[in-house]
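Asks: Pasting the sequence and the predicted model now:
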Amino acid sequence: MTEQEKALLGKLYDANYDPQLIAERDEAKYRLRCYNTLDPRDMEQRTAQLKALLGKTGEHLLIEQPFYCDYGRNIEVGENFYANVNLVILDGNKVVIGDNVFIGPNVGLHTAGHPLNASQRNQGLEYARPITIGSNVWIGAGVNVVPGITIGSNCVIGAGSIVTRDIPDGVVAVGNPCRPIKTIEPDNLRSHS
């Protein structure tokens with residue numbers, strides 16, 4: 001079993017010394033450097049580069065520069081995706097994002113985690129658990145999401161929150177740890193004309 005396969009299964013894998021993963025991360029860093037230095041007015045080239053980097057996208061997407069990720073191949077975004085500056089996605093495992101998701105600046109989506117056992121950490125072992133974000137979600141500035149989290153559809157995650165447990169559909173959730181504080185009424189879920 002390859003280290004990549006172990007990662008996608010949520011098992012401990014060699015993230016620091018596996019030549020294949022190192023080469024893939026280096027390629028992603030090169031692509032990101034190219035993306036992050038593109039003329040911000042060249043939307044056609046920016047979109048083309050994002051579509052080449054990410055595993056799956058909708059037709060319309062925009063990630064403001066700079067953007068950082070580990071591999072890109074494990075990131076799937078739906079239609080009408082927008083992320084503001086300094087998005088960091090550590091995609092050792094899948095990050096699947098629905099349609100109409102808006103992400104504020106300085107947000108981190110982190111599938112990677114490290115064992116509590118120091119000798120395992122010192123060997124370069126880590127684990128990765130998937131992150132899933134539903135559709136019609138707004139994630140405020142400075143939010144961090146830890147490995148293995150699902151954020152339901154029709155949610156708002158308040159600025160500065162640290163999401164350490166799953167968030168159900170249709171709520172406003174805030175804090176550290178992030179927790180639902182308010183249900184979004186169905187009338188507020190419909191778009192306004």
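Replies: Right, received. Where do you want to start? Worth saying up front: this structure is predicted, and the values here are computed from it rather than measured. Numbers count the residues shown, from 1 in each chain.

Asks: what's the helix or strand for A7?
Replies: Secondary structure from DSSP states H and E places A7 in helix 3-8.

Asks: any idea how far that helix is from the chain center?
Replies: 18 Å (Cα atoms, centre = their mean, to the nearest Å).

Asks: Quick one: list the elements packing against the helix or strand following that helix.
Replies: Per DSSP H and E, the first helix or strand lying C-terminal to helix 3-8 is strand 13-14. In terms of contact count using 3 or more Cβ pairs under 8 Å, 6 or more residues apart in numbering; DSSP states H and E, strand 13-14 is assigned the packing partners helix 3-8, strand 125-128. For glycine as for every other residue, the C-beta is placed from the backbone atoms N, C-alpha and C.

Asks: export these to JSON lines and tack on distance to L62?
Replies: Rendered in JSON lines, the data for those read as follows (distance: least, Cβ to Cβ, whole Å):
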{"stretch": "helix 3-8", "distance to L62": "28"}
{"stretch": "strand 125-128", "distance to L62": "26"}
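
Asks: Just put these in a markdown table and tack on distance to V137, mean pLDDT and mean neighbour count.
Replies: Conversion of the helices and strands packed on strand 13-14 to a markdown table gives the following (distance: least, Cβ to Cβ, whole Å; pLDDT from 0 to 100; neighbours: other Cβ atoms under 10 Å):
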| stretch | distance to V137 | mean pLDDT | mean neighbour count |
| --- | --- | --- | --- |
| helix 3-8 | 24 | 96 | 18 |
| strand 125-128 | 21 | 96 | 23 |
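
Asks: hang on, Y68 in a strand?
Replies: Yes - in this structure, Y68 lies within a strand as judged by DSSP: H, G, I helix; E, B strand; the rest coil.

Asks: Would you mind listing the residues in contact with it?
Replies: The neighbourhood of Y68, defined by Cβ atoms under 8 Å, 6 or more residues apart in numbering, consists of 32, 86-89.

Asks: Most neighbours of all those, which one?
Replies: Neighbours here mean other Cβ atoms under 10 Å. Within the contacts of Y68, the largest count is held by I89, at 26 neighbours.

Asks: Show me what it is bridged to.
Replies: Applying DSSP bridges to I89 yields these beta-bridge partners: C69, L109.

Asks: How many residues are close by D26?
Replies: 10.

Asks: picking that back up, what lies in contact with the helix holding A7?
Replies: Around helix 3-8, the neighbours that count as contacts under Cβ under 8 Å, 6+ apart are 12-15, 18, 20-21, 24, 74, 92-94, 127-128.

Asks: and these as a markdown table, adding distance to N100?
Replies: Formatted as a markdown table, those follow (distance: Cβ to Cβ, whole Å):
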| residue | distance to N100 |
| --- | --- |
| L12 | 36 |
| Y13 | 33 |
| D14 | 37 |
| A15 | 32 |
| D18 | 36 |
| Q20 | 35 |
| L21 | 32 |
| E24 | 30 |
| N74 | 21 |
| G92 | 26 |
| N93 | 23 |
| K94 | 20 |
| Y127 | 31 |
| A128 | 26 |
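
Asks: Any of the residues you listed buried? List them.
Replies: Among these, those that count as buried by neighbour count (16 or more other Cβ atoms under 10 Å) are 12-15, 18, 21, 24, 74, 92-94, 127-128.
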